[in-house]
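Asker: A predicted structure for the sequence below; I have some questions about it.
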Amino acid sequence: MSAMPRVARLPRVTDRFALAGAVLITLIALAAVLAPWLAPHPPGEVDPLNALSPPDGEHWFGTDAAGRDVFSRVLHGGQTSLLIAVAVLAVSATAGVLLGVVAGYAGGWVRDVIMRITDVFLAFPALLLSVALAVVLEPSVTTVIVAIAVTWWPWYARLSAATAASIATRPYVDAARCLGVPAIMIILRHVLPNSLTPVLVQLSLDAGGVILTAAALSYLGLGAQDPTAEWGLMVEQGQTLFTTNWWVVTFPGLAILLTAFAFNVLGEGLRDALDPRRIVK
Amino acid sequence: MSLLRAERVTLGYGRTPVVHDVTLDIVEGGVGLIGESGSGKTTLARAFLGLLTPMSGNIWYGNQNLKKADMRRFRGDVQPVFQAEALDPRMRAGASVAEALPRHARHRVPELLEQVGLDPALADRRPHQLSGGQRQRVVIARALAVNPRLLILDEPTSALDVTVQAKILDLLAGLPAGRLLITHNLAVVGRLCRTSHVLFAGRVVESGPTADLLDRPAHPYTLALRDAVPRLGGEPPAARGRAEARPARTGCPFRLRCPMAVAECESAPALRDLDGRRRVACHRAEEVLREPSGRR
Amino acid sequence: MIEVRDLRVRYGGRVVADVPELDVAPGECVAIVGESGSGKSTTLMALLGLTEGAEVSGRVRVAGVDVLTASPARLRAIRGARVALVMQSPQAALSPTTRLGTLMRRALKLHGVGDAERVMAEAVEAVLLDPAILRRYPHEVSGGQAQRFAIALAIALGAEAILADEPTSALDVTVQAEVVAVLRELCAARGLALLLVSHDLALVSTIAHRVLVMRDGEVVESGPAARVLAEPSHPYTRELLEALP
């Protein structure tokens, strides 16, 4: 009943979390985009004489087995890895959320059909399905995107179907129905916007996972191919050298870790920051 | 002819009925639907709004069956006023009201807000930036936007502070539209409705003029409801520990809570005419009427 | 039992409750009445030392303990055992996987109450609950049953004071009447001090001996219930009375 003013001051901490995550991601993205200018060497520049040299003033992160500058390749690799993450999330979230919201709002047989389809996709282990797809298609960055998106969308469909089903029973949705607002408008205007928060949070939590999955596919030789710089591929190429030339695998690995971490922090922060009660006019 | 009428309507979700065989006419002067949680009153309201199709029986909209009625016209005639969460949390108040208006009439938003006693400047606020009373006024403004002939009010004031509640009731009482008021609050019904129906476990157990119902209840449940309403300086009725007994599955649904239950109550009483104005479903209605009358 | 002098609760410099005087004797029921934002719940929380993040000044004695200066351990010892809090929705405070009987047994053990089975049976009977309720889980009982269970728990633990925050506003009227009747009888029969926070003046008038009316953090009127209701001296009390349907 009575107002507890201290509640109003609480969320600042989580805002800082979201902000820190966002800043970190921006920095990583900037580094990737500006790689051609920032990188001291072209990513494909082979220098066999300097192969596997440890980090020094010339090669900050050392060089790999072909003598390529690891620092430059980590910067360039960010382009590929972030592109994969963004593309996969955009495709799977759009498809998943649209299907999920329709299923959740419509209910009945529409919901049953859509949910059974998602169940079929969920029944296969995600990595296995990606691998199978990647084997059928030519190994490439596009293949990685398609393969991961196919296994990723059902989760968004499920999540948004559950949220939408609960939103659909809210009095304000009933009120819109009573005004004769067409179903498609109710979905777009009321159900979709109010179902989005959990999806946005999930997206930022998943971004790290996508990068890791993409890395796993590349690692299995099913994704990006040499000489393309991609973090997962770089880890794969460097793994046998870990005990002798640790830098080849460690720096791209750290890049994956840092990016995944940044997205997770953003996700945790968004979870609280997107609470509709906190949107200030 | 009344605008809306339920005829032997049974309602439910899935296959479980929660409202049984209810016949109810929304007549002039306001109709109250009184019941506690689980009585089926909100389900009945949803059916009257065309949001729920009866499992059996019919809802009549004038002389059309609601299943086949012109829904465009119906939506313009019948509007709800729900209690909580009746406004999209992400929408500004003005946008919520505008949603009810055709594009060319959106300039009427400030006028509608004024009509319900709100400063039009509040149109820019989102629901959480408004007080409970202001939110409820926005909800009413939106319902009025289509000039409805009937408002279906589902507990329109129960979440509000008493002083705010009184003001919202004044506003509702002054509106030109007819009303079906769904509430557990007997005092509110007295102000807004000339006729009332008491719902228990999905069945109408008593109906008649609201004043008669409150002054001389003929059903023990109506009597219990009335006596439970706290009155200034009154005493609470002695506790018997049975207010939450489940409705009986056979016979009179109220008998497990009823202080007057007898063997006869194991057969279900039909809703019968009492004195030409009132209908009641109780074998012992005549005796209930003889209970000390009037308010203590 | 409860003795409050010059209690002032501030959040970030803003005074949200200012109560110059509030006493509740054993067997007495005092009610704080007000609308949302009046500071009535804050006052109640301050009596239990549960106003985190607030600046609290004044003197608050509850069950012989000076709440504002007492150690956290000492406060924990009186909360529950000597002073019970009954909230609007007690179900939310009950662990969903624990049967009510188990819960009560644990509480009795924690506070060193012997002869648990007899004490429990007696407490449950005192609030007119069926003893079978002790075998149920919180989600299996209704709102009024949960509320009466909370009261039974207080009695079993030997509470001398009950602080109740809108204990019936989530309940149906018939159930509300029952819960209020139980509280009223227990107060009289066992000499419990009852501090009731409510927005409902009519409800309060059926049970309280004395009333404090609060608005915007201030006590605008206080006195014997009969006097305050019959001859309100503050315009706001009159407004509240007139608003009663």
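Answerer: Right, received. Where do you want to start? Numbering: from 1, shown residues only, chains lettered A, B, ... in the order given.

Asker: Chain B versus A:Ile186, what's the distance?
Answerer: Going from A:Ile186 to chain B by C-beta to the nearest C-beta, to the nearest Å gives 10 Å. Every residue, glycine included, has its C-beta placed from N, CA and C.

Asker: burial count for residue 188?
Answerer: Using chain A here. Residues within reach of A:Leu188, counting by other C-beta atoms under 10 Å in any protein chain shown, total 12.

Asker: that's the other chain; I wanted chain C
Answerer: C:Ala188: 13 surrounding residues under other C-beta under 10 Å.

Asker: before we move on, what about B:Asp70?
Answerer: 12.

Asker: Run through the residues that contact B:Gln79.
Answerer: Contact partners of B:Gln79, counting by C-beta atoms under 8 Å, 6 or more residues apart in numbering or on different chains, are A:178-179, B:143-144, B:146, B:148, B:150-152, B:177.

Asker: make it 6 Å
Answerer: B:143, B:148, B:151 (C-beta atoms under 6 Å, 6 or more residues apart in numbering or on different chains).

Asker: for it, helix, strand, or coil?
Answerer: Three-state assignment for B:Gln79 (DSSP: H, G, I helix; E, B strand; the rest coil): strand.

Asker: so what's it bridging to?
Answerer: B:Leu151 (DSSP bridges).

Asker: Model confidence at it, what's the number?
Answerer: Here the pLDDT value assigned to B:Gln79 is 95.

Asker: Please apply the same query to A:Leu122.
Answerer: If you check A:Leu122, the pLDDT there is 86.

Asker: Next, count neighbours for the residue in chain C that chain A sits nearest to.
Answerer: Nearest residue of chain C to chain A, counting by C-beta to the nearest C-beta: C:Ser41, 3.8 Å away. Neighbour count for C:Ser41, taken as other C-beta under 10 Å: 24.

Asker: where along the stretch 101-250 of chain B do the helices fall?
Answerer: B:109-115, B:132-144, B:162-173, B:186-192, B:210-215, B:220-228 (DSSP state H, counting those that start in this stretch).

Asker: so B:Ala123 sits right up against B:Ser96, yeah?
Answerer: No. B:Ala123 lies out of contact with B:Ser96 (C-beta atoms under 6 Å); the separation is 9.2 Å.

Asker: So for the two, which residue has more residues nearby?
Answerer: For the pair B:Ala123 and B:Ser96, the greater number of neighbours falls to B:Ser96 (25 against 20), based on other C-beta under 10 Å.

Asker: Throw the helices of the stretch 101-250 of chain B into CSV and include distance to chain C, thanks.
Answerer: Output for the helices of the stretch 101-250 of chain B, formatted as CSV (distance: least, C-beta to the nearest C-beta, whole Å):
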stretch, distance to chain C
helix B:109-115, 22
helix B:132-144, 7
helix B:162-173, 4
helix B:186-192, 3
helix B:210-215, 12
helix B:220-228, 4
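
Asker: where along the chain do the helices fall?
Answerer: Let's take chain A. Under the criterion DSSP state H, helices of chain A are mapped to A:12-33, A:35-38, A:70-106, A:108-123, A:126-136, A:141-168, A:171-178, A:183-186, A:192-219, A:231-238, A:246-273.

Asker: that's the wrong chain, I meant chain C
Answerer: Counting by DSSP H, the helices of chain C are C:40-47, C:72-78, C:100-110, C:116-126, C:143-156, C:173-190, C:201-205, C:225-230, C:235-243.

Asker: Identify each buried residue in the longest one, please.
Answerer: Across helix C:173-190, burial judged by 16 or more other C-beta atoms under 10 Å in any protein chain shown covers C:173-187.

Asker: what packs against that helix?
Answerer: In terms of contacts (3 or more C-beta pairs under 6 Å, 6 or more residues apart in numbering or on different chains; DSSP states H and E), helix C:173-190 is packed against helix B:220-228, helix C:143-156.

Asker: before we move on, what about the shortest one?
Answerer: With contacts taken as 3+ C-beta pairs under 6 Å, 6+ apart, helix C:201-205 sits against strand C:29-33.

Asker: hang on, the earlier thing: could you tell me the least trusted of the helices of chain C?
Answerer: Across the helices of chain C, helix C:72-78 gives the lowest mean pLDDT, at a mean of 85.

Asker: got the contact list for that one?
Answerer: So helix C:72-78 is contacted by C:49, C:63, C:65 (C-beta under 6 Å, 6+ apart).

Asker: okay if I get those residues as a markdown table plus distance to chain B, neighbour count and pLDDT?
Answerer: Output for the contacts of helix C:72-78, formatted as a markdown table (distance: C-beta to the nearest C-beta, whole Å; neighbours: other C-beta atoms under 10 Å in any protein chain shown; pLDDT from 0 to 100):
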| residue | distance to chain B | neighbour count | pLDDT |
| --- | --- | --- | --- |
| C:Gly49 | 28 | 21 | 87 |
| C:Ala63 | 27 | 17 | 87 |
| C:Val65 | 32 | 19 | 88 |
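
Asker: quick check, nearest of the contacts of B:Gln79 to chain A?
Answerer: Using C-beta to the nearest C-beta, the contacts of B:Gln79 come closest to chain A at B:Ala143, 8.1 Å.

Asker: which residues sit in contact with the closest one?
Answerer: B:79, B:81, B:151.

Asker: Pretty sure the last one sits against B:Gly178.
Answerer: Right, the one you point to is B:Leu151. No. Shown here, B:Leu151 and B:Gly178 do not form a contact pair, counting by C-beta under 6 Å, at 7.2 Å.

Asker: Can you tell me the closest non-neighbouring residue to B:Leu289?
Answerer: Of all residues not flanking B:Leu289 in the chain, B:Ala218 sits nearest, at 5.3 Å (C-beta to C-beta, 6 or more residues apart in numbering or on different chains).

Asker: Quick check: pLDDT value at the one you found.
Answerer: 94.

Asker: now the strands for the stretch 1-150 of chain B?
Answerer: For the stretch 1-150 of chain B, the strands defined by DSSP state E, counting those that start in this stretch occupy B:4-13, B:16-26, B:31-34, B:56-61, B:64-65, B:78-81, B:150-154.
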